[in-house]
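**Q** Build the 3D model from these lines:
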Amino acid sequence: MTTAAKKSKPRSKVALKPTDPNTAKGKLWTFPKNTLEDAIAAARAIEEKNAGNPMPAQDVAVAVGFRQAADWRFLDLLRSANQYGLITGTSQTAPIHLAKIGQDVVAPSSPNQRSDALLAAFRNVKDFADVEAFYGGKRIPEDEFFLNTLTREFSIPRERVDIFAKVFLENLRYLRAFSGSSATTMTQTSASELEAVATPADRTPSPVVLKEPRAREFLDTCFVMMPFGEWFDRYYQEIYAPAIKEAGFEPVRGDELFHTGSVVEQIWEQIEKAKLLLADLTGKNPNVFYELGLAHAAKKPVIFTASQLEDVPFDLRHLRVIIYDTREPEWAARLRKSISDYLRNAAKEPGKSIPHPFRQASEEQSALGRSGRRA
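**A** Residues are numbered from 1 along each chain as shown. Next up, the predicted model:
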């Protein structure tokens, strides 16, 4: 066969398959791969490490636990934070700016401003806002039907629908945890009603101390270890909880944990989650000392209160201890202010609120953890 004949030979045609609109091939991600709670880490790093001023991407990466800004996990986190409207800038070589929504989340002037900003961040993602509006506060169906609806009604690619559902539902749980928010009431589980608990009528002006449903107002928690009942419930409601909120944390106490499972496991979980802890050692309550041992084992900073110095173990008196005397005028106001001040200082210098052996182990563990995350 001649060369000319070879060139003129017609080529066989390959039939093109119709494009499936529900596949992810060639499509950009229209929703974050990370939850809102995780994405906040980037905004918080800019606020805490650089006073809210634009920050090089490399510095943000290191602040959130990555060695290089080119790490794909960090880039995913940046894109998610952008999609939520928390920050601007996704380049690994350009500065990252804190957006208005992000500023209201990490440095609000009131709890309501933070909760409103969190909801705005969630709805900044059009797919999330559309799905929320579609259900209109109604109960979300079981997994299979929900996933099918996401693909059919909102064209979420089949390969990504599981990720969408996971992030969306995690965000709903996170938003519902904050008070003052108009977040959707969509749910897959029913909430428990909490009853009021009576306090002795002859010991307090009010007949009951209401135990309201747990509602997160702040991003970091302070777990409170103290005796229950009698005057301690009143102290917690009127002094400890407000003081902790003034310091910028969410107060959590053991009797507010209403979940199935082991009580010890739930307390351990809260201790591990807490950024700071507060222990009232008045009366040398054995349960308080047990929880304190768990806190020190977890290498967590703890500040102490007590009605007399003798209730504080000798080898802990060098740490942050507040002694209060209920017989003194204005003792409650002074105690409240002291708690707020001590918590703020402990947040700035947590090592000074951890006993030395545990402090050293904590520093070594943190160094190993940072090295491992950045590897």
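**Q** What about residue 118, how many residues nearby?
**A** Residues near residue 118, counting by other C-beta atoms under 10 Å, number 28. Heads up, the C-betas are built off the backbone N, CA and C, glycines and all.
**Q** buried sites along stretch 59-69?
**A** Using 16 or more other C-beta atoms under 10 Å as the test for burial, stretch 59-69 gives 59, 60, 61, 62, 63, 64, 65, 66, 69.
**Q** who touches the fifth one in this structure?
**A** For residue 63, the contact set (C-beta atoms under 8 Å, 6 or more residues apart in numbering) comprises 45, 48, 49, 55.
**Q** and with 6 Å instead?
**A** Counting by C-beta atoms under 6 Å, 6 or more residues apart in numbering, residue 63 makes contact with 45, 49.
**Q** Phi first, then psi, for residue 137.
**A** phi 90, psi 0 (degrees, to the nearest 10).
**Q** Can you report how many residues lie near it?
**A** Look at residue 137: counted by other C-beta under 10 Å, it has 11 neighbours.
**Q** swap in residue 41?
**A** For residue 41, the neighbour count with other C-beta under 10 Å is 17.
**Q** ok so, going back, just to be sure, which of the buried residues of stretch 59-69 are found in helices?
**A** Among the buried residues of stretch 59-69, the members falling in helices (DSSP state H) are 59, 60, 61, 62, 63.
**Q** Closest one of the buried residues of stretch 59-69 to residue 35?
**A** Sorting the buried residues of stretch 59-69 by distance to residue 35 puts residue 64 at the head of the list, at 14.1 Å, by C-beta to C-beta.
**Q** Double-check the closest one against residue 43; I have them as touching.
**A** No: in this structure residue 64 lies outside contact range of residue 43 using C-beta atoms under 6 Å: 10.1 Å.
**Q** What ranges in the stretch 101-250 of the chain fall below the confidence cut-off?
**A** Along the stretch 101-250 of the chain, the parts satisfying pLDDT under 70 run over 111, 177-219.
**Q** thinking again about what came up before, just curious, which of the ones in helices among the buried residues of stretch 59-69 is nearest to residue 39?
**A** Residue 39 lies nearest to residue 60 out of these, by C-beta to C-beta, at 12.1 Å.
**Q** Could you tell me how far the closest one is located from residue 225?
**A** When distance is defined by C-beta to C-beta, to the nearest Å, residue 60 is 35 Å away from residue 225.
**Q** One more: residue 287?
**A** Distance from residue 287 to residue 225, by C-beta to C-beta: 8 Å.
**Q** Comparing those two, which shows the higher neighbour count?
**A** Legend: neighbour count by other C-beta under 10 Å for residue 287 and residue 225, higher for residue 225 (24 against 13).
**Q** what separates stretch 303-313 from the chain centre, distance-wise?
**A** 30 Å (C-alpha atoms, centre = their mean, to the nearest Å).
**Q** and residue 173, how many neighbours does it have?
**A** Using other C-beta under 10 Å, residue 173 has 13 other residues around it.
**Q** Phi and psi next, for it.
**A** Main-chain torsions, residue 173, degrees, to the nearest 10: phi -60, psi -40.
**Q** do residue 90 as well
**A** Dihedral angles (degrees, to the nearest 10) for residue 90: phi -120, psi 0.
**Q** secondary structure element for the spatially closest residue to it that is not a sequence neighbour?
**A** Once flanking residues are discounted, residue 90 sits nearest to residue 78: 4.9 Å by C-beta to C-beta, 6 or more residues apart in numbering. Assigned by DSSP states H and E, residue 78 belongs to helix 72-83.
**Q** Could you list the buried residues of that helix?
**A** 74, 75, 76, 77, 78, 79, 80, 81, 82, 83.
**Q** Domain boundaries for the protein, per the record?
**A** 36-176, 197-374 (automatic domain parsing).
**Q** first to last residue in the shortest one, what's the distance?
**A** Using C-alpha to C-alpha, to the nearest Å, the span of domain 36-176 from its first residue to its last is 13 Å.
**Q** List phi and psi for residue 88.
**A** Backbone torsions of residue 88, given as degrees, to the nearest 10, read phi -130, psi 140.
**Q** And for residue 279?
**A** Main-chain dihedrals, residue 279, degrees, to the nearest 10: phi -120, psi 120.
**Q** Across the sheet, point out what pairs with it.
**A** Residue 279 has the following beta-bridge partners by DSSP bridges: residue 225, residue 304.
**Q** Hmm, it is touching residue 225, no?
**A** Yes: with contact defined as C-beta under 6 Å, residue 279 counts as touching residue 225 (4.3 Å).
**Q** Between the two, which contacts overlap?
**A** residue 288.
**Q** how about the strands of the chain, start to end?
**A** With strands called from DSSP state E, the chain shows them at 55-56, 87-88, 95-98, 197-198, 208-209, 221-225, 250-253, 276-280, 302-306, 321-323.
**Q** Out of these, which gets the lowest mean score?
**A** Of all those, mean pLDDT reaches its minimum on strand 197-198 (a mean of 30).
**Q** what's in contact with stretch 79-96?
**A** Contacts of stretch 79-96 (C-beta under 6 Å, 6+ apart): 32-34, 36, 39, 42-43, 54-57, 60, 69-70, 78, 97-99, 101-102, 121, 124-125.
**Q** ok, now how distant is residue 273 from residue 131?
**A** Distance of residue 273 to residue 131, computed by C-beta to C-beta: 28 Å.
**Q** Out of the two, name the residue with the larger neighbour count.
**A** Taking neighbours as other C-beta under 10 Å, residue 273 and residue 131 compare with residue 131 leading, 24 against 13.
**Q** In contact with the nearest residue to residue 249 once chain neighbours are set aside, which residues are there?
**A** Nearest residue to residue 249 in three dimensions, chain neighbours excluded: residue 222, at 4.1 Å (C-beta to C-beta, 6+ apart). By C-beta under 6 Å, 6+ apart, the residues touching residue 222 are 244, 249, 251, 276, 278.
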